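>>> Build the 3D model from these lines:
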Amino acid sequence: MSGGLVALLDDVAAIARLAAASIDDIGAAAGKAGVKAIGVVVDDTAVTPRYVTGFTPDRELPIIWRIARGSLRNKVVFILPAALLLSQFLPWAITPLLMLGGAYLCYEGAEKLYEAAAGHPDTPQAETDKLTSQAHEQQMVTGAIRTDFILSAEIMAIALAEVTDQTFFLRAVILVIVALLITALVYGVVGLIVKMDDLGLRLARSGAGASRALGRGLVRGMPVLMSALSVIGTVAMLWVGGHIILAGLETFGLGSLAHALHHDAVAAGHALPFAAGVVAWLVETLGSAMIGMLIGAVIVAVMHLVPRQHAH
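Numbers count the residues shown, from 1 in each chain. The predicted model follows:
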């Protein structure tokens, strides 16, 4: 009897050790997958604050919370099952779908540049006047979640590529962890960014000495930061969209453009060896953004040309 109990306890201990090892493996794999997707995470963080600009301070965090919930729903409810099923049964379809998403990001970025160059705001004033505050908020949240869907799809696809050697169940668990952690990271940072001016105002009013000076600096600097983030967000959409399309073309054996860009980036890095990594990254990033802008410009031209043809 005691021997059977000891054997049972040994089996339980072995299972516990196996479970602990599996948890460690899942954590390591999730961390690796998340690190690989960090570039798109930066883009997501830069894009989102512009959807909160112009709202009263009391609505900023609720709007961010709504976008965060939509982002998590995008990742877990829609993208995750689709990615797992496609990777299991139709792995060839993932790249074309990602390229379509990349083209949409190129269009979004180029459309913003077109609106800025033409002197049109994101939402025409006449249209804004017709919107109630609630309707305008809903419009911004919907737009943010729609853009987030493409970025989230890229994040999850990058993460999925890092765990293809795992079983179907472990892939699902790892991607859920990545979805939760990255959503918390992105929208936690976004929340800090948009509330930084409120913190600065509080420090400027109630602080003393260095705290008051810091508060005033934050109040003065936040409009500049928000404007910069809007620009960074637009460039980021072009960069990520261009990169997705280049990577997709390379997957289909059309990698000459991607190879040429990579060669130029490496050459630029060798020209400045003291900052080779940074220079190579900048050249490759700017090259992807330029390609994204060209693709987006073509789509914008078509989108604006088609309605005119129908009007005639």
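>>> Find the nearest non-adjacent residue to Met303, please.
In space, not counting the residues next to it along the chain, Met303 is nearest to Tyr107; the distance is 7.3 Å by CB to CB, 6 or more residues apart in numbering. C-beta here means a position set from N, CA and C on the backbone, and glycine is covered the same way.
>>> Count the neighbours of that neighbour for me.
Other residues lying near Tyr107 total 22 when counted by other CB atoms under 10 Å.
>>> helix or strand for it, which one?
Taking DSSP states H and E as the criterion, Tyr107 maps to helix 94-118.
>>> List the buried residues in that helix.
Residues 94-95, 97-99, 101-114 are the ones in helix 94-118 that count as buried (16 or more other CB atoms under 10 Å).
>>> what helices or strands is it leaning on?
Counting contacts by 3 or more CB pairs under 8 Å, 6 or more residues apart in numbering; DSSP states H and E, helix 94-118 is packed against helix 80-89, helix 133-161, helix 210-251, helix 276-311.
>>> What are the contacting residues of it?
Residues outside helix 94-118 that contact it (CB atoms under 8 Å, 6 or more residues apart in numbering): 83, 86-87, 121-122, 147, 150-151, 153-154, 157, 234-238, 240-245, 248-249, 251-252, 292-293, 295-297, 299-300, 303.
>>> Then stretch 280-295?
The contact list for stretch 280-295, computed with CB under 8 Å, 6+ apart, reads 102-103, 105-106, 109-110, 113, 235, 237-243, 245-246, 257, 261-262, 264-266, 268-269.
>>> Apply 7 Å and report the result again.
Stretch 280-295 is touched from outside by 103, 106, 109-110, 235, 238-239, 241-243, 245-246, 261-262, 264-266, 268-269, with contacts defined as CB atoms under 7 Å, 6 or more residues apart in numbering.
>>> pLDDT of it, averaged?
The pLDDT scores in stretch 280-295 average 92.
>>> repeat for stretch 103-120
pLDDT averaged over stretch 103-120 gives 84.
>>> mind listing what Leu203 touches?
With the criterion set at CB under 7 Å, 6+ apart, Leu203 makes contact with 211-212, 214-215.
>>> what about it, which helix or strand?
Assigned by DSSP H and E, Leu203 falls in helix 168-206.
>>> So Leu254: helix, strand or coil?
Secondary structure for Leu254, judged by DSSP: H, G, I helix; E, B strand; the rest coil, is coil.
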